[in-house]
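Participant: My questions concern the predicted model and sequence given below.
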Amino acid sequence: MDISYSRRDINPQLSFERQELAAFLDRHHLRCDDDIEFAAAFVDDDTDEILGCGCCSGNILKCFAVDEKLRGQNLMGQIISILVNNRFAAGYSRLFVYTKPENQTLFGGAGFFTVAATDRVAMMENRPKGPESFVASVKREAPEDALIGAAVMNCNPFTLGHRHLVEYAAANCDLLYLFVVEEDRSVFPFSDRLRLVQEGTADLPNVHVCAGGPYMISSATFPTYFLKKDDDAVAIQAKLDLTIFAEKIAPPLNIRRRFVGQEPVCPVTSKYNGVMKQLLPEHGIEVCEIPRKETEAGIVISASTVRECLDGKRPDLDLRAFVPETTYSYLMQRK
């Protein structure tokens, strides 16, 4: 039976349109992520019901679905094209897709290239050599026999705990790449976090502080729309993130050791560390887990505790016991 359909844009900020979008995605066993900014859809001309859609948030395209009765008519290709043009108009030129591994051919035909894939998820982007360009932008020359390490930090903000880990790592390798997570979903903006790390490690000559780029994925940006309700999203995200690091970042930079702090408080980070200790050695990368630094009073130093101090939730604590002077000065200036 032929179906007449037309294109319709959906505004997720309108509650009735979001409910309609969520209901359609639910029928296709997908979740309607809270951060969706725009959705392109095709609807039945007679009933105005959604027959196919795709969504976007920032520079990420996601939540694609087409009714079975309309598959084979290239609706998905048209939806992808609409979303790409919408994102370009919004000022985004570098676009990413997180999807099931079996969809790589579909998005490949629409101009996307696979960055990395696991058994559960693939990350694709609209540039053919994205990871190679990123590596070239951060690479430092080093002797062939140099022991090169890496650490990835959010530093929200940079604390004495971070400093402790960096000092240990720098003393246990010839060159340390210190990647600062670049996404701006933290309390402190990326530009400030990066500067505080640079200032807080300026006396360590073998530490190269650099932006994490788009390939250091966090649970804050990893889409979960295609995962089943009982899936372990943290483990799936961690496996993809670490696969990208092990396959695309570490080999060209000759990174053979990754440093990470123990996580006695946050279950998400603890689970991530567990995946790291399992996956990276399979790629010849040693994982060094470092005990967390404590104050003289025996309190574990963490960025979350610093933020609690700033919010007035821990008036019993002295902020100077948790952060270096450069971070303390910055925090006082923000008051």
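Facilitator: It's in.

Participant: Would you state the helices of this protein in chain order?
Facilitator: Taking DSSP state H to define them, one finds helices in the chain at 15-27, 75-89, 104-108, 130-138, 160-171, 190-200, 233-244, 250-253, 267-279, 303-310, 325-334.

Participant: Is it possible to get TSV of these that adds mean neighbour count and distance to residue 95?
Facilitator: (Each C-beta comes from the backbone N, C-alpha and C, glycine too.) Compiled in TSV, those are given as follows (neighbours: other C-beta atoms under 10 Å; distance: least, C-beta to C-beta, whole Å):
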stretch	mean neighbour count	distance to residue 95
helix 15-27	16	20
helix 75-89	18	6
helix 104-108	15	10
helix 130-138	15	11
helix 160-171	21	32
helix 190-200	19	19
helix 233-244	21	17
helix 250-253	17	23
helix 267-279	16	26
helix 303-310	18	30
helix 325-334	15	33
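
Participant: is it possible to export those to CSV including distance to residue 40?
Facilitator: Converted to CSV, the helices of the chain look like this (distance: least, C-beta to C-beta, whole Å):
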stretch, distance to residue 40
helix 15-27, 11
helix 75-89, 4
helix 104-108, 15
helix 130-138, 24
helix 160-171, 42
helix 190-200, 29
helix 233-244, 25
helix 250-253, 37
helix 267-279, 32
helix 303-310, 38
helix 325-334, 40
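
Participant: Could you export those as CSV, including distance to residue 122 and mean pLDDT?
Facilitator: CSV is the format used below for the helices of the chain (distance: least, C-beta to C-beta, whole Å; pLDDT from 0 to 100):
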stretch, distance to residue 122, mean pLDDT
helix 15-27, 19, 93
helix 75-89, 15, 94
helix 104-108, 5, 93
helix 130-138, 14, 96
helix 160-171, 31, 97
helix 190-200, 26, 96
helix 233-244, 8, 89
helix 250-253, 19, 97
helix 267-279, 16, 89
helix 303-310, 31, 92
helix 325-334, 38, 93
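
Participant: With respect to residue 182, which of these lies nearest?
Facilitator: For the helices of the chain, proximity to residue 182 was assessed by C-beta to C-beta; helix 190-200 is nearest, at 5.4 Å.

Participant: what does the closest one contact?
Facilitator: Outside helix 190-200, the residues that touch it by C-beta atoms under 8 Å, 6 or more residues apart in numbering are 153-158, 162-163, 166, 178, 180-184, 186, 188, 209, 211, 324, 326-327, 330.

Participant: closest one to residue 54 among the helices of the chain?
Facilitator: Of all the helices of the chain, it is helix 75-89 that lies closest to residue 54, at 4.0 Å by C-beta to C-beta.

Participant: now residue 152, which residues is it bridged with?
Facilitator: Residue 152 has the following beta-bridge partners by DSSP bridges: residue 179.

Participant: can you check residue 113 too?
Facilitator: For residue 113, the beta-bridge partners under DSSP bridges are residue 125.

Participant: and residue 150, what does it touch?
Facilitator: Contact analysis of residue 150 by C-beta under 8 Å, 6+ apart lists 176-179, 245, 249-250, 253, 255, 257-259.

Participant: quick check, nearest of those residues to residue 236?
Facilitator: Closest approach to residue 236 among the contacts of residue 150 (C-beta to C-beta): residue 245, at 15.3 Å.

Participant: got a pLDDT number for the closest one?
Facilitator: Per-residue pLDDT puts residue 245 at 96.

Participant: Cheers, nothing more for now.
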